[in-house]
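> Pasted the sequence and its predicted model underneath.
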Amino acid sequence: MVEERFQKEFRTRKCEDLMRPEIRQLLDLPLDKKIEKSLEILKEAKEKYPNAGIGFSGGSDSLVLLHLALQVFPNTTPVLFSDTKHDHKETYEFIEKMKKEWKLVNFHTFTAEKDRVKEFADKFGMKSPEFTEVCCEYHKIEPMRRGVGSLQLDAFITGIRGVEHEERAKETLFSPRNSPKHMRVHPILFWKPTEIVEYLKMNNIAPNPLYAQGYTSLGCMECTSLNTDPTAHERAGRGVARETIMEKLRALGYS
């Protein structure tokens, strides 16, 4: 049995309690109304921010986000992937598949100058909080910041959800950022994990095959593990260190 802080019901309730009232009330909408609301948010973003970009990581949340966004934005809209060079091979293969199938003609991959995972692991210890912070900032966060800046985006649309992490639960639909200055847009902030699965099924979209293997949240191979306990929260496979320092990571620019 997973420890209490990673139990599905306990952690989901904790996230719900942290949500802003205006976001929390959207959580109980039926899926069709959530789709309508998400599309409204995307249309508002398109009207307000003429040079918006969409984040895509190969996971199911960003897949749903991308499918929704392409109903509002043209396929020439910049799509950004922060490549740590340490994702699973299935994720890289899946991203290439979606680029071709959905004709993502303006796809951008941003990566760090060199691979420093071993260096950071030797210095701080693999999966320690210190390792997680410096490794994630160098390999994932900084490349994405650089991508937003180099493309001169005025908005960056991401697929975060409030019930997947306490820090994300506190977010707003439109959230200003600096360094570089832009607006973060969160159209599926109020979706539940079951609705992500349902949406993909109803639209006949096959997700990343790693989910069928027992992963419930995807990241780098070093910091992602199988999560086959049905009582465990969806983020239980992402490791203790990442979950405990998410506030720091998000302050640095992590979604």
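Received it, and whenever you're ready, just let me know what you need. From a predicted model like this one, the values you see are computed outputs, not experimental measurements.

> Could you list the low-confidence segments of the stretch 101-250 of the chain?
By pLDDT under 70, the stretch 101-250 of the chain has no low-scoring segment.

> Helices of that one, residue ranges please.
For the stretch 101-250 of the chain, applying DSSP state H, counting those that start in this stretch gives helices covering 117-124, 129-136, 142-150, 166-169, 193-202, 210-213, 240-244, 246-252.

> Kindly confirm my reading that F10 is in a helix.
Yes. Membership of F10 in a helix is supported by DSSP: H, G, I helix; E, B strand; the rest coil.

> The spatially closest residue to it that is not a sequence neighbour and H165, how far apart?
What sits nearest to F10 in space, not counting adjacent residues and going by CB to CB, 6 or more residues apart in numbering, is E4, at 5.4 Å. C-beta here means a position set from N, CA and C on the backbone, and glycine is covered the same way. Going from E4 to H165 by CB to CB, to the nearest Å gives 16 Å.

> cool, and H86?
21 Å.

> Between these two, which has more neighbouring residues?
Neighbour count, other CB atoms under 10 Å: between H86 and H165, H165 has more, with 25 against 17.

> The more buried one reaches E243, doesn't it?
Yes. If you go by CB atoms under 8 Å, H165 and E243 touch, sitting 7.3 Å apart.

> where do the contact lists of the two overlap?
R235 (CB atoms under 8 Å, 6 or more residues apart in numbering).

> After the longest helix along the chain, which helix or strand is next?
With secondary structure taken from DSSP state H, the chain has its longest helix at helix 31-48. Following helix 31-48 in sequence order, the next helix or strand is strand 52-55 (DSSP states H and E).

> which residues are contacting that next one?
Residues outside strand 52-55 that contact it (CB under 8 Å, 6+ apart): 45-46, 62, 65-66, 69, 73, 77-82, 108, 144, 147-148, 151, 153-159, 185, 255.

> Stretch 123-138 too?
By CB under 8 Å, 6+ apart, stretch 123-138 touches 112, 116-117, 120-121, 222-223, 239, 241-242, 244-245, 248-249, 252, 254.

> and the closest residue to E142 other than its chain neighbours, how far is that from K192?
Once flanking residues are discounted, E142 sits nearest to A112: 6.8 Å by CB to CB, 6+ apart. According to CB to CB, A112 and K192 sit 33 Å apart.

> Repeat that for T172.
Distance, T172 to K192, by CB to CB: 19 Å.

> Please name the residues that touch H165.
Taking CB under 8 Å, 6+ apart, we find H165 in contact with 15, 235, 243, 246.

> Could you check how many residues crowd around the last one?
The local packing of M246 (other CB under 10 Å) involves 18 other residues.

> That one contacts V240, correct?
No. Using CB under 8 Å, M246 is not in contact with V240, being 11.3 Å away.

> Okay then, goodbye and thanks.
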